[in-house]
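The sequence and its predicted three-dimensional model are supplied below.
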Amino acid sequence: MGRWLMRAMTTAGAIAIAVVGFAAAAQAHVTVNPNTASPGTVARIDFRVPTESDTASTTKLAVFLPTEQPLASVLVMPVPGWTAALTTTNLVKPVTTDDGDEVTKAISEITWTADSPATAIKPGEFLEFPVSLGPLPAAATMSFKAVQTYSDGSVVEWTEPTVAGRAEPEHPAPVLHIAAPVAAATAPNKTAPNNQGLWIVAVVGVVLGVVGTVFGINGYVRGRARR
């Protein structure tokens, strides 16, 4: 019995370690946070970049914005210790904003570079690069290919598409899911509960309590009189 219990505990521990390791590996991708937004809005999102290497630091991140879904407004939030550079591309097909302005150019790439080794993303750490993008297109998703460069010169390309119904690729591109906001559900109009029954029960309880007290006092008085 003791040996069986030890084997069961060892197997359970191994499974737990494997599950935790798998979850950690799955979270080590370059991702978009939050990963959902509404069409037609200007969203504030972060590109979250973890360092997977055990020996090298992340020194550069390049994110490519899809020109087939051009964005009229692209702004970056300063990240201390990093320098951002934006690349503009002429659009093959101009887009018109809600204000009626025609946009012929759009930001196609954002590159963040660490100013020094001290500000690079060390092993076991992550950093977020905030941006403001919009107005977002009326599409199901937006995919942002990314390239991560390490201090030892190695490069990881996060460019593989994620296909529904298939296993996640080894280096998936960050994806922003775009969905129309869900209208808040209206709570059904419920009739206020009838408290009359509870009130009657309470009154009866009080009356019974008083009656019991009276009988108790009466019995006590009679007992003393007999003595």
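Sure thing, it's come through.

shaky segments in this structure?
Within the chain, the segments meeting pLDDT under 70 span 1-27, 97-99, 181-227.

now the strands for it?
All strands of the chain, identified by DSSP state E, fall at 31-33, 36-37, 43-50, 58-64, 73-76, 82-96, 102-114, 126-134, 141-143, 145-150, 155-158, 175-178.

right, and these - which one's nearest R166?
Proximity to R166, assessed across those by C-beta to C-beta, is greatest for strand 175-178 (13.8 Å). (Each C-beta comes from the backbone N, C-alpha and C, glycine too.)

Pull out the buried residues from stretch 112-126.
Under the neighbour-count criterion of 16 or more other C-beta atoms under 10 Å, stretch 112-126 has 112, 114, 119-122, 126 buried.

circling back: wait, which of the strands of the chain is closest to P169?
Short answer: strand 155-158, nearest of these by C-beta to C-beta, at 9.5 Å.

Can I get the strands of the chain in JSON lines including distance to P169?
Shown next, in JSON lines, are the strands of the chain (distance: least, C-beta to C-beta, whole Å):
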{"stretch": "strand 31-33", "distance to P169": "14"}
{"stretch": "strand 36-37", "distance to P169": "21"}
{"stretch": "strand 43-50", "distance to P169": "17"}
{"stretch": "strand 58-64", "distance to P169": "17"}
{"stretch": "strand 73-76", "distance to P169": "26"}
{"stretch": "strand 82-96", "distance to P169": "26"}
{"stretch": "strand 102-114", "distance to P169": "22"}
{"stretch": "strand 126-134", "distance to P169": "20"}
{"stretch": "strand 141-143", "distance to P169": "12"}
{"stretch": "strand 145-150", "distance to P169": "12"}
{"stretch": "strand 155-158", "distance to P169": "10"}
{"stretch": "strand 175-178", "distance to P169": "12"}
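
which one of those lies closest to A167?
Closest to A167 of those is strand 175-178 (C-beta to C-beta; 15.3 Å).

So what touches stretch 74-94?
65, 67, 70, 102-116, 118-119, 127, 129-133 (C-beta atoms under 8 Å, 6 or more residues apart in numbering).

Buried subset of those residues as a PyMOL selection?
Burial among these is assessed by 16+ other C-beta under 10 Å; the matching PyMOL selection reads:
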select buried, resi 65+67+70+106+107+108+109+110+111+112+114+119+127+129+131+133
